[in-house]
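Undergrad: Generate a structure from the sequence data that follows.
(chains A and B)
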Amino acid sequence: DTEVTQTPKHLVMGMTNKKSLKCEQHMGHRAMYWYKQKAKKPPELMFVYSYEKLSINESVPSRFSPECPNSSLLNLHLHALQPEDSALYLCASSQETLGSGSTQYFGPGTRLTVL
Amino acid sequence: AQSVTQLGSHVSVSEGALVLLRCNYSSSVPPYLFWYVQYPNQGLQLLLKYTTGATLVKGINGFEAEFKKSETSFHLTKPSAHMSDAAEYFCAVSLGTALIFGKGTTLSVSS
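TA: As a prediction, this is how the structure comes out:
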């Protein structure tokens, strides 16, 4: 099973709201990722967690706050977002971080709209 | 620095025709290379992956890709296109902690 699940599938929020995106995998993978994807563009890396510790933050604004409660779960907490943050947010996981050649498996994404 | 170039942002073929999507990479060391497909409003699905060994890699849905070190290429092919192949295709390279994606190629298939 190579499934990564994400909830919710769609999310509409105002600029003053606080919401969270959830990602889950049960493949025993030790690396998990958040990506942001705008229409007609490739995914852009936001965060990397390795063994439940944040290893990469690609200069993402603090209104995005990642959390890795355990090895199977990854959350992305959202607060005071801007309309330009509207995008598809993708979660991914891999057995190890990619330097070892591990394959990254993606979830279906959360379509976020900020009003 | 690594990079990936996908030649042609949009490729159109007829159903039953050959599909050829081009990808060139730049890397100072042998890379790990991937092709992903993305259907509308969905996540990315792995088509195939090159690590080391055999240069012709077979993937899902009848796709395959050939790693050519001399040409620094990893082009994706399928002998006969199907309507269901219409999607966005991304080539990606990995030599560190993250995937570096090409800009993507939209494949359209007409009947």
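Undergrad: residue ranges of the strands in the chain, please?
TA: Because you didn't say which chain, this covers chain A. For chain A, applying DSSP state E gives strands covering A:4-7, A:10-13, A:18-25, A:31-37, A:44-50, A:53-57, A:64-70, A:73-79, A:87-94, A:105-106, A:110-114.
Undergrad: wrong chain, I was asking about chain B
TA: So, for chain B - with DSSP E - the strands run B:3-7, B:10-14, B:19-26, B:32-38, B:44-50, B:56-58, B:64-68, B:73-78, B:87-94, B:99-101, B:105-110.
Undergrad: which of the ones you listed has the lowest average pLDDT?
TA: In terms of mean pLDDT, the lowest-scoring of those is strand B:99-101 (a mean of 89).
Undergrad: Adjacent strands (with direction) for that one?
TA: strand B:87-94 (antiparallel) (DSSP bridges).
Undergrad: Need the residues that contact the strand it pairs with.
TA: A:42-43, A:98-99, A:101, A:104, B:2-4, B:6, B:21, B:23, B:25, B:27, B:31-40, B:44, B:47, B:74, B:76, B:99-102, B:104-107 (CB atoms under 8 Å, 6 or more residues apart in numbering or on different chains). To be clear about C-beta, it is placed using only N, CA and C from the backbone, and glycine gets the same treatment.
Undergrad: Make a PyMOL selection of the buried ones in those.
TA: The PyMOL selection below is limited to those of the contacts of strand B:87-94 classed as buried (16 or more other CB atoms under 10 Å in any protein chain shown):
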select buried, (chain A and resi 42+43+98+101+104) or (chain B and resi 4+6+21+23+25+27+31+32+33+34+35+36+37+38+44+47+74+76+99+100+101+102+104+105+106+107)
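Undergrad: ok, now which ones touch A:N75?
TA: Neighbouring residues of A:N75 by CB under 8 Å, 6+ apart: A:S20, A:L21, A:K22, A:C23, A:P66, A:E67, A:C68, A:P69.
Undergrad: Model confidence at the last one, what's the number?
TA: Yep, that's A:P69 we're talking about. For A:P69, the pLDDT comes out at 95.
Undergrad: picking that back up, please tabulate the strands of chain B in TSV, including the columns distance to A:M27.
TA: Output for the strands of chain B, formatted as TSV (distance: least, CB to CB, whole Å):
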stretch	distance to A:M27
strand B:3-7	26
strand B:10-14	33
strand B:19-26	27
strand B:32-38	17
strand B:44-50	13
strand B:56-58	22
strand B:64-68	24
strand B:73-78	25
strand B:87-94	18
strand B:99-101	17
strand B:105-110	29
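Undergrad: quick one on the thing from earlier: comparing the strands of chain A, which gets the lowest mean pLDDT score?
TA: strand A:53-57 (a mean of 90).
Undergrad: can you tell me if it touches chain B.
TA: Yes - applying CB under 8 Å from any CB of the partner chain, one finds that strand A:53-57 is in contact with chain B at A:S55, A:I56.
Undergrad: list the helices and strands that strand packs on?
TA: Packing partners of strand A:53-57 (3 or more CB pairs under 8 Å, 6 or more residues apart in numbering or on different chains; DSSP states H and E): strand A:44-50, strand A:64-70.
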